[in-house]
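Engineer: Output the structure for:
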Amino acid sequence: MILTQTPLRCSLFGGGTDYPEFFVSNPEGGAILGMAINKYVYAGVQPMHPGQDLKYRIQYSRMEDCLTVNEIKHPAIRAALQYYNITEPLEFHGFGDMPGRAGLGSSSAFCVGVLKALQEHFDLPITTPLELAGEAIAFERCLIPETVGCQDQIFAAVGGINFITFNHTGVRIQPLQLSSQRIEELENSLVLVYTGSMRDAHVMAAKQVADVEANRDQLNNLTKLAYAGRNILMWENYPLSLFGGLLDKAWANKMKLNPDISNSRIDQLYQHGLVCGATGGKLLGAGGGGFLLFFVPQKNRRKFETEIGAPTTRFKVSPTGTKRIPL
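Structural biologist: From the prediction side, this is the model:
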């Protein structure tokens, strides 16, 4: 079996500005500050065992036994087989460390992992991480097709902490060279809190894309906050505590994009997080559910995790993107 491990991502600032529908026509473009995290999705590919009266078996949260590619319901696997024109009988396995549909970029990460696994399994030309990210963006937007931005695939393929800018000429990725102390301080100040609900990100994203013109001011504000966040992170004389207030501003702007981004449960949990010691936060992903990300000063962390009243997850930066795991 070929098994790939692909990191999920945590977007800090600029979410929503990575859609071509926005940044291609926007004079200022868009910008994202975020990181790949050490929570992963896994994609396994192996030949179908002989004697099976089927051609494809796909196991994830459900199991599919199919005789043709067109019967496969999993959109990424079906499209990947069509993309590479693969006809050999195969088994696929997909699983992850975190819940899906929760704002961590799991769908795009799985696409990146599947493409990487098929490249390895069939000795196809192995693309560089940046090429793989571009391939996955085109794959999701054009072949599946789904309404997705362009950040998730980059973090999944490249890994690390990155500042990414988008405009009509293309994408520029700036890996942030931070001291180990700065990275550790950031990791120890961020907490994921699960809202308890999942959502269909593509429905939320489609609504956001349809309202790009109406939301241009908010999206430009989110772009500016991404630049401000990068400067705070890179200039290590700046106290990282400034991140909390900046995240709070980002969340206030994000909620203006679509009234369905938040709901009473999310609003209450967010406010409770501030009472428990966080200085700011935001909902990850397109909205409607999934994970809240809070900035919690280290001195408040134990109190926060004890009193928040919802599942919490600590995480670290994943320095590398998708890779094959030796078996």
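
Engineer: any weak-confidence spans in the stretch 201-327 of the chain?
Structural biologist: 201-202 (pLDDT under 70).

Engineer: Helices of that one, residue ranges please.
Structural biologist: In the stretch 201-327 of the chain, the helices defined using DSSP state H, counting those that start in this stretch lie at 201-210, 216-234, 242-255, 264-275, 301-307.

Engineer: And the closest residue to residue 320 other than its chain neighbours, its phi and psi?
Structural biologist: Ranked by C-beta to C-beta, 6 or more residues apart in numbering and with sequence neighbours excluded, the top spatial neighbour of residue 320 is residue 159, at 4.2 Å. Heads up, the C-betas are built off the backbone N, CA and C, glycines and all. The phi/psi pair for residue 159 (degrees, to the nearest 10) reads phi 80, psi -180.

Engineer: can I assume residue 159 is in contact with residue 316?
Structural biologist: No. Checked against C-beta atoms under 8 Å, the pair residue 159 and residue 316 is beyond contact range at 11.8 Å.

Engineer: So if I had to pick from the two, which one is more boxed in?
Structural biologist: residue 159 (24 against 15; other C-beta atoms under 10 Å).

Engineer: that older thread, contact partners for the residue nearest to residue 320?
Structural biologist: Shown in contact with residue 159 (C-beta atoms under 8 Å, 6 or more residues apart in numbering): 7, 36, 129, 318-321.

Engineer: For it, give me the pLDDT.
Structural biologist: At residue 159, the model reports a pLDDT of 98.

Engineer: distance of it from residue 54?
Structural biologist: Residue 159 sits at a distance of 36 Å from residue 54 (criterion: C-beta to C-beta, to the nearest Å).

Engineer: Figure out the helix or strand that residue 43 lives in.
Structural biologist: strand 30-47 (DSSP states H and E).

Engineer: circling back: would you format the helices of the stretch 201-327 of the chain as JSON lines with mean neighbour count and distance to residue 62 included?
Structural biologist: Listed next are those as JSON lines, based on neighbours: other C-beta atoms under 10 Å; distance: least, C-beta to C-beta, whole Å:
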{"stretch": "helix 201-210", "mean neighbour count": "18", "distance to residue 62": "19"}
{"stretch": "helix 216-234", "mean neighbour count": "19", "distance to residue 62": "36"}
{"stretch": "helix 242-255", "mean neighbour count": "19", "distance to residue 62": "32"}
{"stretch": "helix 264-275", "mean neighbour count": "15", "distance to residue 62": "27"}
{"stretch": "helix 301-307", "mean neighbour count": "15", "distance to residue 62": "33"}
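
Engineer: and of those, who's closest to residue 25?
Structural biologist: Checking the helices of the stretch 201-327 of the chain against residue 25 by C-beta to C-beta gives helix 216-234 as the closest, at 9.3 Å.

Engineer: and the angle from the closest one to strand 30-47?
Structural biologist: Counting by axes from the mean of the first three to the mean of the last three C-alpha atoms, to 10 degrees, helix 216-234 points 80 degrees away from the direction of strand 30-47.

Engineer: Show me what helix 216-234 is in contact with.
Structural biologist: So helix 216-234 is contacted by 12-17, 22, 26, 28-33, 161, 163, 174, 176, 178, 182, 186, 212, 238, 240, 242-243, 246, 249-250, 253-254, 256-257 (C-beta under 8 Å, 6+ apart).

Engineer: how's this protein carved up into domains?
Structural biologist: 2-177, 180-313 (automatic domain parsing).

Engineer: Tell me which of those lies nearest to residue 327.
Structural biologist: Closest among the domains of the chain, using C-beta to C-beta: domain 2-177, at 6.0 Å.

Engineer: Against residue 198, how distant is residue 309?
Structural biologist: According to C-beta to C-beta, residue 309 and residue 198 sit 19 Å apart.

Engineer: more neighbours, these two?
Structural biologist: residue 198 (15 against 11).

Engineer: surely that one meets residue 104?
Structural biologist: No. Counting by C-beta under 8 Å, residue 104 is not a contact partner of residue 198; they are 11.1 Å apart.
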